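Chemist: no sequence on hand, only this structure:
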């Protein structure tokens with residue numbers, strides 16, 4: 001059976017059958033001719049796990065950017081690249097994702113320290129990053145506690161609602177940037193041999 005990628009619209013969440021919708025990994029199983037599942041036997045467990053979560057956190061329009069990747073996910077199980085994929089994801093979390101939020105929290109020095117780490121491609125690099133990650137996490141937790149205390153002291157519900165509206169507006173560009181970056185990361189994780197060490 002040939003499936004037209006242009007006819008696939010990815011939906012959030014898992015589905016009991018295709019009539020209810022199809023998420024990314026269910027579409028991969030469909031493409032591979034497997035029974036309906038969001039954990040296809042043909043795909044890398046690392047890519048499956050990341051793909052399931054990415055599918056569910058993306059808004060509808062960005063989720064559709066994953067459709068062209070469906071054929072590339074087939075045949076990735078046991079291809080010998082899962083360790084590299086795991087380090088690519090860890091590197092992104094530490095050197096891209098976390099610094100973006102630290103910048104928003106006003107912790108520019110901590111964000112810079114994480115961005116300046118050498119790429120995490122192995123256990124040695126991951127262990128070297130540990131103390132810097134822990135320090136950033138401690139400072140971020142302290143900043144979050146202070147913000148929470150200030151929010152609890154707000155006297156009026158209207159002020160609280162206005163603060164949340166302003167926060168969403170401030171967060172939107174970072175969220176959109178990280179969504180795009182996560183899609184690019186996922187594409188790289190499919191064939192990590194193209195990434196220089």
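Modeler: Right, received. Where do you want to start? Because the structure is a prediction, the values reported are computed rather than measured. Numbering: from 1, shown residues only.
Chemist: could you list the low-pLDDT ranges of this structure?
Modeler: Residues of the chain that meet the criterion pLDDT under 70 lie in 1, 143-170, 195-197.
Chemist: tell me where it has helices.
Modeler: 24-31, 45-57, 60-63, 70-73, 82-92, 98-104, 108-115, 123-152, 157-190 (DSSP state H).
Chemist: hey, which of these is tucked in deepest?
Modeler: Neighbour counts (mean count of other CB atoms under 10 Å) averaged over each of these peak at helix 24-31, with a mean of 25. In short, each C-beta sits where N, CA and C put it, glycine included.
Chemist: neighbouring contacts of stretch 11-24?
Modeler: Residues from elsewhere that reach stretch 11-24 (CB atoms under 8 Å, 6 or more residues apart in numbering): 8-10, 26, 30, 36, 38, 51-52, 54-56, 60, 63, 66, 69-70.
Chemist: show me how far that stretch is from its chain's centre.
Modeler: Its chain's C-alpha centre and that of stretch 11-24 lie 20 Å apart, by CA atoms, centre = their mean, to the nearest Å.
Chemist: can you list the buried residues in it?
Modeler: 11, 14, 22-24 (16 or more other CB atoms under 10 Å).
Chemist: now intersect the residues you listed with the strands, please.
Modeler: Judged by DSSP state E, these include no members of strands.
Chemist: next, format the residues you listed as TSV and append distance to residue 84.
Modeler: As requested, the buried residues of stretch 11-24 are exported to TSV (distance: CB to CB, whole Å):
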residue	distance to residue 84
11	30
14	27
22	28
23	25
24	21
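Chemist: which of the residues you listed lies closest to residue 118?
Modeler: residue 24 (31.5 Å; CB to CB).
Chemist: can you name the residues that contact residue 59?
Modeler: Neighbour list for residue 59: residue 179 [criterion: CB under 8 Å, 6+ apart].
Chemist: what do you get for residue 120?
Modeler: 87, 90-91, 94-95, 126, 129.
Chemist: quick revisit: out of the buried residues of stretch 11-24, what pair is the most spread apart?
Modeler: Across the buried residues of stretch 11-24, no pair lies farther apart than 14 and 24, at 10.6 Å, counting by CB to CB.
Chemist: ok, residue 4 - how many residues close by?
Modeler: Residue 4: 6 surrounding residues under other CB atoms under 10 Å.
Chemist: right, I'll call it a day here.
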